[in-house]
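Student: Just the structure for this:
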Amino acid sequence: MGSAPASLADNPFLITLLLEMQTTIFLRTEMSRKTEYVHNPCFLSANILKILGVFAENQKILIRKYGLHLQAMFMLLAMLVCAVVLTSCEKDDLDIQQNYLFEVQVMPVPKDVSNGQTVEIRVTIQRSGNFSDASYYIRYFQFDGQGALRYYSEPPYMPNDVYLLPQTQFRLYYTSQSTVSQAFDIWISDNFGNEKQISFQFNSRD
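Tutor: The predicted structure is shown next:
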């Protein structure tokens, strides 16, 4: 006479498989309800830990019955999720730290200029951190008098046009083209939306 088939409760392997399937279904159901998961992986990982905590509480009886076997399986799963949490949060912190603020330092310039005179303006972008993918841009607008502003020997800047700055330490050259007082502003920005405004004003010697 053949032996009776083993029940599900007597098969730790099948129970472990069912636990993993239940966890997967539970996680997918929760993820489908929360749009925040898509936009915040750190939030997703933290909630996975919360879900697993609830799941573990519901499975205490099975863990006690089969002892170390199920505990080891659950600990392995928990360690995997913890690794996801750390990776996601560290990546999120890295994305935040890439947005380094900056200051703009300008060396002193003359107060008076003559028509046709060129003034050198030395500029340094001082970054709070070194992120290799940061890009910096410049634009300018002159609202008093007439003149031309250029980057080294490049063609003069057009008012309100945006130009890429190849370096964080550079020189601008302003050439006066009028016999009255002159004033203009420059704006230096980065690819994260940070921006600094610097104003210049020159009195005419003519």
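
Student: Check for me that V123 belongs to a strand.
Tutor: Yes: the assignment for V123, made by DSSP: H, G, I helix; E, B strand; the rest coil, places it in a strand.

Student: ok, it - contacts?
Tutor: Neighbouring residues of V123 by C-beta atoms under 8 Å, 6 or more residues apart in numbering: V104, Q105, V106, M107, Q169, F170, R171, L172, I188. Every C-beta, even on glycine, is put in place using the N, C-alpha and C of the backbone.

Student: switch the cut-off to 6 Å
Tutor: Neighbouring residues of V123 by C-beta atoms under 6 Å, 6 or more residues apart in numbering: V106, F170.

Student: go on, the one 3 residues further on?
Tutor: The neighbourhood of Q126, defined by C-beta under 6 Å, 6+ apart, consists of E103, Q105.

Student: List the strands paired with the one helix or strand it maps to, with their directions.
Tutor: Counting by DSSP states H and E, the element that carries Q126 is strand 118-127. Strand 118-127 has these partner strands in its sheet, going by DSSP bridges: strand 102-106 (antiparallel), strand 169-176 (antiparallel).

Student: I'd like the average pLDDT over the first one.
Tutor: In other words, strand 102-106. Taken as a whole, strand 102-106 carries a mean pLDDT of 97.

Student: Use 39 as the first number from now on
Tutor: OK, 39 is where the count begins now, so the last one is strand 140-144.

Student: Let's see the strand holding Q164 as PDB, backbone CA atoms only.
Tutor: Below are the C-alpha coordinates for strand 156-165, written out as PDB (Å, rounded to 0.1, in the frame of the first residue of the first chain):
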ATOM      1  CA  THR A 156      39.700  98.200 -23.400                       C
ATOM      2  CA  VAL A 157      39.400  97.000 -19.800                       C
ATOM      3  CA  GLU A 158      40.400  93.500 -18.700                       C
ATOM      4  CA  ILE A 159      38.000  91.700 -16.300                       C
ATOM      5  CA  ARG A 160      39.400  88.700 -14.500                       C
ATOM      6  CA  VAL A 161      36.700  86.200 -13.400                       C
ATOM      7  CA  THR A 162      36.900  83.000 -11.300                       C
ATOM      8  CA  ILE A 163      34.000  80.600 -10.700                       C
ATOM      9  CA  GLN A 164      34.500  79.200  -7.200                       C
ATOM     10  CA  ARG A 165      32.700  75.900  -6.800                       C
END
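
Student: Assign a three-state SS to the spatially closest residue to G167 that is not a sequence neighbour, would you?
Tutor: Beyond its immediate neighbours in the sequence, the residue positioned closest to G167 (C-beta to C-beta, 6 or more residues apart in numbering) is Y138, lying 3.8 Å away. Assigned by three-state DSSP, the conformation of Y138 is coil.

Student: bridging residues for S227?
Tutor: Using DSSP bridges, the beta-bridge partners of S227 come out as Y175, E233.
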